[in-house]
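Visitor: I would like to see how this sequence folds:
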Amino acid sequence: SSPASAAGPTARAEGRLPLLDALRGLAALGILWRNIFVFGLPTVAFTLPEEWGLSTASNVFTWLFVVIFVDGTMRGLFSMLFGATAILIMARHERNPGGVFAADLYFRRLMWLVAFGLVHGYLLLWPFDVLYVYGLLGMFLFVFRNMSGRALLAIALVLFAISSVKDGTGWSLEQASIDAFDAKQAAMQASGETDTAETAAPETGTEAGAESAADASAQEGPSDLEEAVRIELEDLERLALAEIDERLAPYPDLLRTIAAETFQEQTTLFFTDHVLDVGAMMFFGMALFRLGAFSGRWPLRRSTAMAAIGLSGGVVLGFLIHGTTTLAGFENWQIGTADAYLYNARRLLLCLGLIGLFDVLLRRHAGVVLLAPLAAVGRIPLTTYVGQTVVCIVLFYGLGFGLFGTFEHHELLLIAFAINAVQIVLAVLWARTGRQGPLEALLRFLIRGGGVLPERGVVMRVPAASASPEKPSPERSRTARAAASGKAKGGLRR
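Guide: From the prediction side, this is the model:
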């Protein structure tokens, strides 16, 4: 699942897949390695590690680590795990009695996940929440639950290709609308300027015009480029200072400011970006689950190959996209405008590499011990994910310590590691209690209607539609007794 394992099984260890838990733990912790820069740094500052702060080398290498290995990867891994867990949950419901009740539980889980996402986005001030997106898209996964692994993989590849082309061309519905409006305004303005120019043509003829152009050309030089750079940096500084003022405002002001960002993420960008981006990764996760990648029973050679090819390929692509444009001496390796098309390929390769690596590690006792802390975090991902938001808004925003914009890139990454360390310790200690995480338990309570709904395996009896009581016929009574005494078959209707 992801933070959403929320949409996942109970905290009891039995019946769980260790590989899913360990990967979910990594994703829950690792997503903070990117999000910490949104919480603690102006947007323009993140992309300018050379300009923000004094430790240039540390900041640049921190930025490279994040954009090559983390950015989009942890979110992609979350999405894949959500797709895999959705199949797992639906299969579990199908094995238990309940009919429509089993489907009801699945959709209740997702509806409450959407509610959690709304609270997380608006009240907890995190516009880039994934719970809302996962809850909505998870509802559509239901109809694909019985597809084969190959069919799911085909759907994933189609969505992946469309998403990559969209990213590469930079096309978006919102931007296309803005561009069309700007073009219309420019055309109207140009039409007005043409009319004015015709009535006020210069009397000196073409020679005077040529002399004027020559004088303007003579004045251009290196100083113009330097001036343009200076003006651009001043504009970026103004944007950074304005964002700092916004984030250091009191809570009511933050609510109004960030609500606009959250609304855009959960409406326009949901359709233009998230459906393809997140949807493709969910289908990859569902396909891998059907193909047995998370079962721990894949041939070791296959998992080893996936780890080696995925991790090395992803890192190489990331370096070609970002490293060659940042580090001196690699200019000849730049891939130009192709970098935008390869964003999705990089993160998909890294996700596959991590799945293969963790599968290989879990084949050995040493690997099981090494990944045990991550597995503990993976059993309480919703609590971990939302907990990071609470800690960060208290640290960085005006409602708390107000440290937004005061740290450099490498310092923020170290803070993220420190938060992760505390979360790992708490997760390991919590795992010893054998209970669900606080938010996971709350989600389960809400799904069950506050304890009103029966537990799994209990068949709901639907009351008759008639307003007045009706005496059952002997045939009905025999049918009802047979149904009550017999063992019901699979839950979700195929």
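
Visitor: can we go C-alpha only for contacts and neighbour counts from here?
Guide: OK.

Visitor: Which residue lies nearest the spatial centre of the protein?
Guide: Arg75 (3.8 Å; C-alpha atoms, centre = their mean).

Visitor: residues contacting the residue lying closest to Gly72 once chain neighbours are set aside?
Guide: The shortest distance from Gly72 to any non-neighbouring residue, by C-alpha to C-alpha, 6 or more residues apart in numbering, is to Arg347 (6.1 Å). Taking C-alpha atoms under 8 Å, 6 or more residues apart in numbering as the criterion, Arg347 is in contact with 69, 71-73, 76, 314.

Visitor: Equivalent analysis for Gly292, please.
Guide: So Gly292 contacts Trp298 (C-alpha under 8 Å, 6+ apart).

Visitor: confidence score at it?
Guide: Looking at Gly292, its pLDDT is 94.

Visitor: can you confirm it is in a helix?
Guide: No. When DSSP: H, G, I helix; E, B strand; the rest coil is applied, Gly292 is found to be coil, with no helix at that position.

Visitor: I'd like the distance between it and Leu20.
Guide: 12 Å (C-alpha to C-alpha, to the nearest Å).

Visitor: Ok, Leu157 next?
Guide: Following C-alpha to C-alpha, the distance that separates Leu157 from Leu20 is 22 Å.

Visitor: neighbour-wise, which of those two wins?
Guide: Leu20 (25 against 16; other C-alpha atoms under 10 Å).

Visitor: can you confirm the more buried one is in a helix?
Guide: Yes. Under three-state DSSP, Leu20 sits within a helix.

Visitor: how about it, what does it touch?
Guide: Counting by C-alpha under 8 Å, 6+ apart, Leu20 touches 81, 294, 378.

Visitor: tally of neighbours for Ala280?
Guide: Using other C-alpha under 10 Å, Ala280 is surrounded by 26 other residues.

Visitor: that's a helix at it, yeah?
Guide: Yes. Counting by three-state DSSP, Ala280 is found in a helix.

Visitor: Confirm for me that it is in contact with Ser164.
Guide: No. Using C-alpha atoms under 8 Å as the test, Ala280 is too far from Ser164 to be in contact (10.5 Å).

Visitor: Same question for the residue nearest to Gly72, what's its three-state structure.
Guide: Of the three states, Arg347 takes helix according to three-state DSSP.

Visitor: So it versus His274, what's the distance?
Guide: To His274, Arg347 is 15 Å away according to C-alpha to C-alpha.

Visitor: Also Phe330?
Guide: Counting by C-alpha to C-alpha, the gap from Phe330 to His274 is 33 Å.

Visitor: ok, now Asp235?
Guide: Asp235 is 30 Å from His274, by C-alpha to C-alpha.

Visitor: what about these two, which has more around it?
Guide: His274 (20 against 12).

Visitor: Three-state assignment for that one, please.
Guide: State at His274, reduced to three classes by three-state DSSP: helix.

Visitor: Tell me how far it lies from Ile155.
Guide: Distance, His274 to Ile155, by C-alpha to C-alpha: 16 Å.

Visitor: Report how many residues lie close to the closest residue to Ala307 other than its chain neighbours.
Guide: Distance criterion C-alpha to C-alpha, 6+ apart; nearest residue to Ala307, sequence neighbours excluded, is Gly353 at 3.9 Å. The tally of other residues near Gly353 (other C-alpha under 10 Å) stands at 24.

Visitor: CA atoms of the helix or strand hosting Gly353 as PDB?
Guide: Per DSSP states H and E: Gly353 is located in helix 343-361. Provided in PDB are the C-alpha atoms of helix 343-361 (Å, rounded to 0.1, in the frame of the first residue of the first chain):
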ATOM      1  CA  TYR A 343      12.200  10.700 -15.900                       C
ATOM      2  CA  ASN A 344       9.700   7.800 -15.600                       C
ATOM      3  CA  ALA A 345      12.100   5.300 -16.900                       C
ATOM      4  CA  ARG A 346      14.700   6.200 -14.200                       C
ATOM      5  CA  ARG A 347      12.300   5.800 -11.300                       C
ATOM      6  CA  LEU A 348      10.700   2.600 -12.700                       C
ATOM      7  CA  LEU A 349      14.100   1.000 -13.000                       C
ATOM      8  CA  LEU A 350      15.100   2.100  -9.500                       C
ATOM      9  CA  CYS A 351      11.800   0.700  -8.100                       C
ATOM     10  CA  LEU A 352      12.300  -2.600  -9.800                       C
ATOM     11  CA  GLY A 353      15.900  -2.700  -8.600                       C
ATOM     12  CA  LEU A 354      14.900  -2.100  -5.000                       C
ATOM     13  CA  ILE A 355      12.200  -4.900  -5.200                       C
ATOM     14  CA  GLY A 356      14.800  -7.300  -6.600                       C
ATOM     15  CA  LEU A 357      17.500  -6.300  -4.000                       C
ATOM     16  CA  PHE A 358      15.200  -6.700  -1.100                       C
ATOM     17  CA  ASP A 359      14.000 -10.100  -2.400                       C
ATOM     18  CA  VAL A 360      17.600 -11.200  -2.600                       C
ATOM     19  CA  LEU A 361      18.400  -9.900   0.900                       C
END
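
Visitor: what mean pLDDT does it have?
Guide: Helix 343-361 comes out at a mean pLDDT of 97.

Visitor: what's the answer for stretch 251-261, then?
Guide: Averaged across stretch 251-261, pLDDT comes to 96.

Visitor: With stretch 170-188 instead?
Guide: The average pLDDT for stretch 170-188 rounds to 59.

Visitor: One more: stretch 238-245?
Guide: 93.

Visitor: Can I get that stretch in PDB? Just the C-alpha atoms.
Guide: Extracted C-alpha coordinates of stretch 238-245, given in PDB (Å, rounded to 0.1, in the frame of the first residue of the first chain):
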ATOM      1  CA  ARG A 238      12.000  37.800  -4.300                       C
ATOM      2  CA  LEU A 239      10.000  34.600  -4.900                       C
ATOM      3  CA  ALA A 240      12.000  32.800  -2.200                       C
ATOM      4  CA  LEU A 241      11.400  35.600   0.300                       C
ATOM      5  CA  ALA A 242       7.700  35.700  -0.500                       C
ATOM      6  CA  GLU A 243       7.400  32.000   0.100                       C
ATOM      7  CA  ILE A 244       9.300  32.300   3.400                       C
ATOM      8  CA  ASP A 245       6.800  35.000   4.500                       C
END
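
Visitor: How about residues contacting that stretch?
Guide: Outside stretch 238-245, the residues within contact range by C-alpha under 8 Å, 6+ apart are 42-45, 404-405.

Visitor: if we go to 10 Å?
Guide: Applying C-alpha atoms under 10 Å, 6 or more residues apart in numbering, the external contacts of stretch 238-245 come out as 40-45, 232-237, 246, 396-398, 402-406.

Visitor: Buried residues, it. List them.
Guide: Across stretch 238-245, burial judged by 16 or more other C-alpha atoms under 10 Å covers 239-240, 243-244.

Visitor: before we move on, what about stretch 107-116?
Guide: Here stretch 107-116 shows 107-114, 116 as buried, counting by 16+ other C-alpha under 10 Å.

Visitor: and what of stretch 43-50?
Guide: Neighbour-count burial for stretch 43-50, counted by 16+ other C-alpha under 10 Å, picks out 43, 45-46, 48-50.

Visitor: now swap in stretch 16-34 and tell me
Guide: Burial within stretch 16-34, assessed by neighbour count using 16+ other C-alpha under 10 Å, is assigned to 18-34.

Visitor: What of stretch 352-370?
Guide: Buried residues in stretch 352-370, counting neighbours by 16+ other C-alpha under 10 Å, are found at 352-362, 368.

Visitor: That stretch: how far from the chain's middle?
Guide: Relative to the centre of its chain, stretch 352-370 is centred 24 Å away, using C-alpha atoms, centre = their mean, to the nearest Å.
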